[in-house]
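[1] return a 3D structure for these sequence lines:
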Amino acid sequence: MKFVPLALAFAAFSFSAPALAQDDLSQKTDGNVVARAASPDGKLTVTISLDNEGRASYAVQRAGKPLLTDSRLGFLFTDAPKLDRGMSVVEVKRDKSDTSWNQPFGEWSTIRDNHTEMTVRLREKADLKREMDVTFRIFDDGIGFRYTLPTQANLKHANIADELTEFAFAGPGTAWWKPAYLWNREEYLYNKTPLDAVGTAQTVMTVKLADGTHVALHEAALVDYAAMNLQRAEGNTFKASLTPGAGAPKVSRDAGFSTPWRTIAVADDAAGLYAASRMTLNLNEPNKLGDVSWIKPGKFVGVWWNMIKGEWTWSRGPKHGATTAHVKQYIDFAAANHIPGVLVEGWNVGWDGNWFGNGKDMNFDQPTEDFDAAELARYAKAKGVYLIGHNETGGSASHYDSQLDRAFKYAQDHGIPVVKTGYVTDAGQIERVDPDGSQHREWHESQWMVNHHLRVVETAAKYHVSIDSHEPVKDTGLRRTYPNWVAREGGRGMEYNAWEGGKNPPEHEANMVFTQLLGGPMDFTPGVLSLSGSNGSAIKSTIAKQLALYVVLYSPVVMAADTPENYAKYPREMKFIRDVPTDWSDTRVLNGEVGDYATIVRKAKGSDDWYLGAVGDEEARSSTVTLDFLDAGKIYTAEIYRDGPGADYRTDARHSITIETRQVKKGDTLTIALAPGGGEAIRFVAPGKKARRR
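    Prediction:
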């Protein structure tokens, strides 16, 4: 890293100059700019200013136009004066980097990390003379910044009440957001409101400004810190709101640490935000686990949907779902359809009685008497299938902590490479028990729970087990550092469609693509081809849309959520679910608008085949896409699954589907016509492979 004395920070600045020369403090916008830096292409700039009382703020411009105006920086503490007023700049450090790195699995095989970096050290002029660093990494399509509180004489330990961090949008816009601090954790539908009508929002929050620029606010590398929410302060200005813990400080740490990165993804349109989201991965540390060849992305079926619908139970009794006989049925189905995994919920002791918010009877290495673990491990292995475990804590996180080694040793001994965890209890009701026996209640995204989840992931890695977290802490890109953290829930998934009331609306998935999914993969559990939940209640989707979700909603572990009996009724559609992979070498968003529609293509890892998924909302929609992603000079067979005649999520015609094939090549165009609540899925089979014709 290059160290620049403050006097040298007043260097010539040009939007087209190389990154390290982009630091002009002689052209002050308000007389108080003390540092400036720009993205590698010069379009995004960050300025740091001090007002007349020494308060530090940052601002962002894009192509010379204000994006964020002066936005405060600093901290509130529970046991010390705030770190905010009377600051001066001690030094400015500069660096740049342009590298690439490979993912073991993901949406892209290779990710480029091209950014400039500026670190500004701020010091109080009087009294305590405490210091803090603010580091900005500026990409062509976004900005990440974080604080560092060095160890110092008057700040050896930080008890943080909250951050003073702001995001002050320069103008009005439209926001897509879901509320924070409500009882149902992150499982809320997205609101679409004017920017100045947002309440307190969870991240990712996506904004479309008046000029069409799209911005997504989130965070990266959330480690040993409370998760950030966004509280509207006034007008179009938002303030960071850290998730509370059980005690007064929201974060308590010895000095000498850095906060998570606060991220601002920026693009011309919604489609551009998807690629910009790679910044989240770039702001995380590289893989810490070493060889991760034992992590296997793949699809799975499961003893689950019948329980969600209320036909089977997690608890023991005449309707118990996780029996040896039921699981063998699912293993047979998975083997016949070349699906590698079978999820089993309710297999262990502890589900009887009222476990919601009270999982202290859960035992994660003791099966129920009607679940023959040894026989099922043998049977699955003989069929070329593995079981996926399920550890539901009922919110009793300390109870789970006490069993982690036992739980993952059990998984390893029984050939279980993935465990789905759960924390089903109301927000703010996670049970924490300290070593002295005192009991406390935590929020799902408090600092303590952030650390709990990392303990789970690190312990699982010792036993070569991957984690799919439900009721989780949100995804902030830590799957780069800990690749066995393969997926999470953290939103309204397919399970809401099982229940007669409160089903997901048709726009839900088109909302999530450009909000939650910008943070990372989601275990949505798609593929309910029956399109029916409990008591035959209708799901607000066409059957083609259920297929499209396998491409649109990325996760390295993906469920085929319906039952074997229902899949037997739809053999033609089931072919696409069998064919579609869960690991990709390239991903491109061809078009989309937040909450309206999205068309995404992905290239299968280790193959020349491409897959397209398109989803819409409650309206019929049509768009034209150009097949520029295909290799030149090759003729592909397009296996198309599209909404059929009269398809409509509101009628019995939601099962109407047209399945056809045609020959296509690079440069051809296709019309994607989506029915109300509809979708389209296409497999582009490269030459040399045999495509099934219909």
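[2] distance check, the residue nearest to the spatial centre of the chain against residue 94.
    Residue closest to the mean C-alpha point of the chain, counted by C-alpha atoms, centre = their mean, is residue 520 at 2.6 Å. Distance of residue 520 to residue 94, given as C-beta to C-beta, to the nearest Å: 30 Å. C-beta: built from backbone N, CA, C; applies to glycine.
[3] and for residue 472?
    37 Å.
[4] kindly report the same for residue 456.
    38 Å.
[5] likewise for residue 418?
    Between residue 418 and residue 94 the distance is 43 Å, computed by C-beta to C-beta.
[6] those two: which is more packed in?
    Taking other C-beta atoms under 10 Å, residue 418 and residue 94 do not tie; residue 418 has more neighbours (28 against 22).
[7] next, the more buried one: phi, psi?
    phi -140, psi 140 (degrees, to the nearest 10).
[8] ok, it touching residue 469?
    No - applying C-beta atoms under 8 Å as the test, residue 418 and residue 469 come out as separate, 11.3 Å apart.
[9] spell out which residues make up each domain of this structure.
    2-282, 298-490, 501-515+528-550+581-694 (automatic domain parsing).
[10] let me have those domains in TSV, extended by mean pLDDT and distance to residue 557.
    Shown next, in TSV, are the domains of the chain (pLDDT from 0 to 100; distance: least, C-beta to C-beta, whole Å):
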stretch	mean pLDDT	distance to residue 557
domain 2-282	91	10
domain 298-490	98	5
domain 501-515+528-550+581-694	96	7
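[11] may I see the ones you listed arranged in a markdown table, with distance to residue 569 as well?
    Listed next are the domains of the chain as a markdown table, based on distance: least, C-beta to C-beta, whole Å:
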| stretch | distance to residue 569 |
| --- | --- |
| domain 2-282 | 30 |
| domain 298-490 | 13 |
| domain 501-515+528-550+581-694 | 7 |
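[12] residue 450 - that's part of a strand, no?
    No - assigned with DSSP: H, G, I helix; E, B strand; the rest coil, residue 450 falls outside any strand and is helix.
[13] could you find the closest non-adjacent residue to it?
    residue 473 (5.4 Å; C-beta to C-beta, 6 or more residues apart in numbering).
[14] what's the burial count for the one you found?
    25.
[15] then the one 3 residues further on?
    The number of residues packed around residue 476, counting by other C-beta under 10 Å, is 26.
[16] so how far is residue 55 from it?
    As judged by C-beta to C-beta, residue 476 and residue 55 stand 28 Å apart.
[17] check residue 622 too.
    Applying C-beta to C-beta to residue 622 and residue 55 gives a distance of 52 Å.
[18] residue 597 bridge partners, please.
    residue 593 (DSSP bridges).
[19] so which strand or helix has the closest residue to residue 222 other than its chain neighbours?
    Distances taken as C-beta to C-beta, 6+ apart put residue 476 closest to residue 222, at 4.1 Å, once the chain neighbours are dropped. Per DSSP states H and E: residue 476 is located in neither a helix nor a strand.
[20] tell me the contacts of residue 383?
    331-332, 334-335 (C-beta atoms under 8 Å, 6 or more residues apart in numbering).
[21] look up phi and psi at it.
    Per-residue torsions, residue 383: phi -90, psi 0 (degrees, to the nearest 10).
[22] helices along this structure, start to end?
    For the chain, helices defined by DSSP state H occupy the ranges 270-276, 278-282, 305-308, 324-336, 373-382, 397-401, 404-413, 447-462, 508-513, 543-552, 564-567, 571-579.
[23] could you say which of the ones you listed is packed most deeply?
    Mean neighbour count (mean count of other C-beta atoms under 10 Å) peaks for helix 543-552 among the helices of the chain, with a mean of 28.
[24] helices or strands up against that helix?
    Applying 3 or more C-beta pairs under 8 Å, 6 or more residues apart in numbering; DSSP states H and E, we find helix 543-552 packed against helix 508-513, helix 571-579, strand 597-604, strand 610-615, strand 636-643, strand 679-685.
[25] adding distance to residue 556, write those out as CSV.
    Conversion of these to CSV gives the following (distance: least, C-beta to C-beta, whole Å):
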stretch, distance to residue 556
helix 508-513, 17
helix 571-579, 16
strand 597-604, 12
strand 610-615, 15
strand 636-643, 22
strand 679-685, 19
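[26] to residue 171, which of those lies closest?
    Of all the helices and strands packed on helix 543-552, helix 508-513 sits nearest to residue 171, with 22.9 Å by C-beta to C-beta.
[27] off-centre distance for that closest one?
    12 Å (C-alpha atoms, centre = their mean, to the nearest Å).
[28] stretch 105-121 too?
    Computed by C-alpha atoms, centre = their mean, the chain-centroid distance of stretch 105-121 equals 17 Å.
[29] buried residues of it, list them for me.
    Neighbour counts over stretch 105-121 (16 or more other C-beta atoms under 10 Å) mark 105-109, 111, 113-121 as buried.
[30] which pair of those spans the longest distance?
    Greatest spatial distance in the buried residues of stretch 105-121: 105 and 121, 38.7 Å, computed using C-beta to C-beta.
[31] quick one: contacts for the residue nearest to the centre of the chain?
    280, 475-477, 479, 488.
[32] tell me how far it lies from residue 298.
    18 Å.
[33] same deal with residue 426?
    According to C-beta to C-beta, residue 426 stands 33 Å off from residue 298.
[34] ditto for residue 47
    Using C-beta to C-beta, residue 47 is found at 47 Å from residue 298.
[35] out of the two, which sits in the busier spot?
    Using other C-beta under 10 Å as the criterion, residue 47 and residue 298 rank with residue 47 on top: 23 against 19.
[36] I'd assumed residue 674 was in contact with residue 597.
    Yes - under the criterion of C-beta under 8 Å, residue 597 makes contact with residue 674 at 6.7 Å.
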